[in-house]
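Asks: Everything below, folded, please.
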Amino acid sequence: MRKSLWSSMSAMLLASILAGCGSGSSSSSANSHTISSVLNVGNFAAYLPHKILHQFENKYHVQINYSTYPSNAELLAKMQAGQQFDVAVASDYMVQTMIKLRLLDKLNFSDIPNFKNIAPPFRNLAFDPHSAYSIPYLWGTVPIAVNTHAVHVPVTGYRSLLNPVFKNNLVVVDSPRTLVGIGLMINGHNLNDTNSAALNQAQKTLDQFRPQVKVFNSNDPHVQLLNGEATAGIVWSGEGALAYSQDPWILPVFPKSGVNKWFDNFIIPTTSQHKYTAELFINFLLSPKISAELENAEEYSDPNTAANPYINKSLLQNPWLNPPKWVITQGEVMTAIPASANEQFNTIWDNFKQSK
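Replies: Numbering: from 1, shown residues only. Model (predicted):
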């Protein structure tokens, strides 16, 4: 996931899920096949090069009003407060949450023919089983990072990190869903398991990990990997890819006990006033050369296989961005969980961070 996206859900998000309602309706102009003069686009910060936005503006004579948000919870808050987005980007579990809250419009795929470029493994995902409301934008994983030049013990899974050589020597993402999810997967449970017994077991496992963690860092964990402050860790694949590009000894390990794969996705809110232009924008970004330009700039994995001929070879050969096929087919995707379970995740996380 893009760096800081996996922060804890805000109280407003929890209340929204509990409410289980919310509605909006597209305006009559939203279904018109007339290109609008403006398009309101929302995205995570520093996640789409402005030159690509300008290419769309110049091609279709559309003015893009581009705004950003730091997290999924903030996006939801903005939408529920009435901020107008014609098209936006949201992560997997948030897509599912917004569908339940009736905040998303179904996509007209006849207006998005480039959807054909999305590889089959990246369609019909757990958070949107029929690919009706979302299209993957970029994706990634959360594997183990190992500086193989500095580490001389075998690392095959998360339990390998309990080796005394890693005491006070790991950098991990600052994300409750991610780390508690890893605690679940280590014990044979699903990443999204909300059973209290499973979560209690995950907490005990995480307690064993706490002495190993030196730094919590979701924004730029590649820094600790490169400067030697940490010789291993659990980081976003994009951060690992960045570290690898500067030090090819820093390699990923994809544990067979389970790997979280995440997706950021295009969505169209029900309040979109320019739905056809929004779909035109999505289709533009899914064209092979534009999609490749996006990946070359952002260095995350691209679900658009038609872009491969135009992607930098160094990225196509980066092991962080091209995991084994079993990770693509078997990796676990985060889905929405009940508010009560989310509170338990956060409690486990708070106890984990505060203990040492």
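Asks: Can you list the residue ranges for helices in the stretch 251-356 of the chain?
Replies: Taking DSSP state H, counting those that start in this stretch as the test, the helices found in the stretch 251-356 of the chain are 275-285, 288-298, 313-316, 325-330, 339-354.
Asks: Same check on the stretch 51-200 of the chain?
Replies: Here the stretch 51-200 of the chain has its helices, by DSSP H, counting those that start in this stretch, at 72-80, 92-100, 176-186, 196-209.
Asks: picking up where we left off before, who wins for proximity to Lys167 among the helices of the stretch 251-356 of the chain?
Replies: For Lys167, the closest of the helices of the stretch 251-356 of the chain is helix 339-354, at 16.1 Å, according to Cβ to Cβ. Backbone N, C-alpha and C define where each C-beta goes, glycine included.
Asks: what about Asp220, neighbour count?
Replies: Close neighbours of Asp220, defined as other Cβ atoms under 10 Å, add up to 16.
Asks: now Asp111
Replies: Residue neighbour count, defined by other Cβ under 10 Å, stands at 17 for Asp111.
Asks: Surely it is in contact with Ala278?
Replies: No: if you go by Cβ atoms under 8 Å, Asp111 and Ala278 don't touch, sitting 9.1 Å apart.
Asks: Provide a list of residues in contact with Gln63.
Replies: Residues near Gln63 by Cβ atoms under 8 Å, 6 or more residues apart in numbering: 37-39, 57.
Asks: Give me the buried subset of these.
Replies: For the contacts of Gln63, a burial check counting by 16 or more other Cβ atoms under 10 Å picks out Leu39.
Asks: and of the contacts of Gln63, the nearest to Phe216?
Replies: Nearest to Phe216, judged by Cβ to Cβ, of the contacts of Gln63 is Leu39 at 37.3 Å.
Asks: Let me know how buried Phe284 is, in neighbour terms.
Replies: Using other Cβ under 10 Å: Phe284 sits among 17 other residues.
Asks: Could you do the one 4 residues further on as well?
Replies: Here the number of neighbours of Pro288 (other Cβ under 10 Å) works out to 18.
Asks: Tell me who's in contact with the closest residue to it other than its chain neighbours.
Replies: Spatially, and ignoring its direct neighbours in sequence, Pro288 is nearest to Ala306 (4.2 Å; Cβ to Cβ, 6 or more residues apart in numbering). Going by Cβ under 8 Å, 6+ apart, Ala306 touches 114, 117, 288, 291.
Asks: and Ser131, what is it in contact with?
Replies: Taking Cβ under 8 Å, 6+ apart, we find Ser131 in contact with 123-125.
Asks: are any of those buried, and which?
Replies: Looks like the contacts of Ser131 have Leu125 buried, using 16+ other Cβ under 10 Å.
Asks: Redo the contacts of Ser131 as TSV? Include distance to Pro136 and pLDDT.
Replies: What follows is the contacts of Ser131, written out as TSV (distance: Cβ to Cβ, whole Å; pLDDT from 0 to 100):
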residue	distance to Pro136	pLDDT
Arg123	8	96
Asn124	11	96
Leu125	8	95
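Asks: In the stretch 251-356 of the chain, where is pLDDT below threshold?
Replies: Within the stretch 251-356 of the chain, the stretches with pLDDT under 70 are 356.
Asks: rewinding a little: need the winner for burial among the helices of the stretch 251-356 of the chain.
Replies: helix 275-285 (a mean of 23; mean count of other Cβ atoms under 10 Å).
Asks: rewinding a little: can you say which of the helices of the stretch 251-356 of the chain is nearest to Thr141?
Replies: helix 325-330 (6.3 Å).
Asks: Now do the contacts for Asp92.
Replies: Asp92 sits in contact with 125-127, 262-265, 333-335, where contact means Cβ under 8 Å, 6+ apart.
Asks: go with 6 Å
Replies: By Cβ atoms under 6 Å, 6 or more residues apart in numbering, the contact set of Asp92 is 127, 263, 333-334.
Asks: what's the most distant pair in the residues you listed?
Replies: Within these, Phe263 and Met334 form the most distant pair, 9.0 Å apart (Cβ to Cβ).
Asks: Leaving out chain neighbours, which residue sits closest to Ile182?
Replies: Among residues not flanking Ile182 along the chain, Tyr158 sits closest, at 5.9 Å (Cβ to Cβ, 6+ apart).
Asks: Relative to Ala198, how far out is that neighbour?
Replies: Relative to Ala198, Tyr158 is positioned 16 Å away (Cβ to Cβ, to the nearest Å).
Asks: Have a look at the two and say which one is more surrounded.
Replies: More crowded of Tyr158 and Ala198, by other Cβ under 10 Å: Tyr158, with 19 against 16.
Asks: State the distance from that one to Asn312.
Replies: 31 Å.
Asks: thinking again about what came up before, mind putting the contacts of Ser131 into TSV with distance to Ile234?
Replies: Listed next are these as TSV, based on distance: Cβ to Cβ, whole Å:
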residue	distance to Ile234
Arg123	28
Asn124	28
Leu125	22
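Asks: Which member of the contacts of Ser131 is positioned nearest Arg102?
Replies: Nearest to Arg102, judged by Cβ to Cβ, of those is Leu125 at 19.7 Å.
Asks: residues near the closest residue in space to the closest one that isn't next to it in sequence, how many?
Replies: Once flanking residues are discounted, Leu125 sits nearest to Val333: 5.8 Å by Cβ to Cβ, 6+ apart. By the criterion of other Cβ under 10 Å, Val333 has 17 neighbours.
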